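**Q** what shape does this take:
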Amino acid sequence: MATILAFAGSNSSTSVNYKLVQHTTSLIEGHQIQLLDMTRYPFPMFSEDEEKQKGYSNSLVELKNDIQQANGLVLSVNEHNSNPSAYFKNVLDWLSRLERKFLDNTKVLLMSASPGGRGGIGALGVTEALLPRFGAEIVGTFSLPSFHQNYGEGGIMDAELREAHQKALTQFLDSLK
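**A** All right, here's what the predicted structure looks like:
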């Protein structure tokens with residue numbers, strides 16, 4: 001049994017990426033899952049001055065420890081102007097200052113979702129290129145476009161998208177064995 005940490009790279013209370021993470025973790029059996037709601041992690045904007053004056057918050061240290069104790073990470077990133085949100089980039093900045101390789105030996109299922117037809121692929125691509133610098137191994141990716149049309153109470157409604165999601169999830173879970 002693996003320990004899986006799951007969260008969205010968004011601090012929005014209405015995040016479609018958090019909904020995708022919740023759905024994804026609901027499909028996982030036989031593993032210990034820790035689901036984080038990032039609205040509860042209000043980090044100040046990173047600056048060297050802030051770091052020198054105040055150091056690292058307890059919630060940042062706890063987040064790093066949770067990541068490092070997990071065997072795998074389920075992460076869905078939101079997109080602002082074809083890039084990860086400033087919030088998510090800020091979280092990465094803080095974590096990497098605390099410990100550069102904070103994702104060392106961590107298997108990652110990387111996803112994105114958006115209300116638009118591109119499914120957050122800009123943010124997905126940027127994040128997919130960035131996380132290995134911190135030690136992550138991306139073992140599966142998935143993008144859910146047009147979230148409000150393709151997702152409902154029962155999950156992903158489009159058969160092709162549902163199959164692609166399941167394939168990425170299976171790749172991720174197989175990597176944890």
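**Q** backbone dihedrals for the closest residue to Ser85 other than its chain neighbours, please?
**A** Residue nearest to Ser85 in three dimensions, not counting chain neighbours: Asn78, with 5.0 Å by Cβ to Cβ, 6 or more residues apart in numbering. To be clear about C-beta, it is placed using only N, CA and C from the backbone, and glycine gets the same treatment. As for Asn78, its main-chain torsions (degrees, to the nearest 10) stand at phi -90, psi 170.
**Q** isn't Asn78 up against Lys89?
**A** No. Taking contact to mean Cβ atoms under 8 Å, the distance of 11.1 Å between Asn78 and Lys89 leaves them out of contact.
**Q** tally of neighbours for the residue nearest to Ser85?
**A** 23 (other Cβ atoms under 10 Å).
**Q** and the gap between it and Ala129?
**A** From Asn78 over to Ala129 the distance is 17 Å, taken as Cβ to Cβ, to the nearest Å.
**Q** is Asn105 in contact with Gly135, as I believe?
**A** Yes. Between Asn105 and Gly135 there is a contact at 6.5 Å, judged by Cβ under 8 Å.
**Q** those two: which is more packed in?
**A** Neighbours of Asn105 and Gly135, each counted by other Cβ under 10 Å, are more numerous for Gly135; the result is 15 against 10.
**Q** which secondary structure element contains the closest residue to the more buried one other than its chain neighbours?
**A** Across the structure, with Cβ to Cβ, 6+ apart as the measure, the residue nearest Gly135 apart from its sequence neighbours is Asp104 (3.4 Å). For Asp104, there is no host helix or strand (DSSP states H and E).
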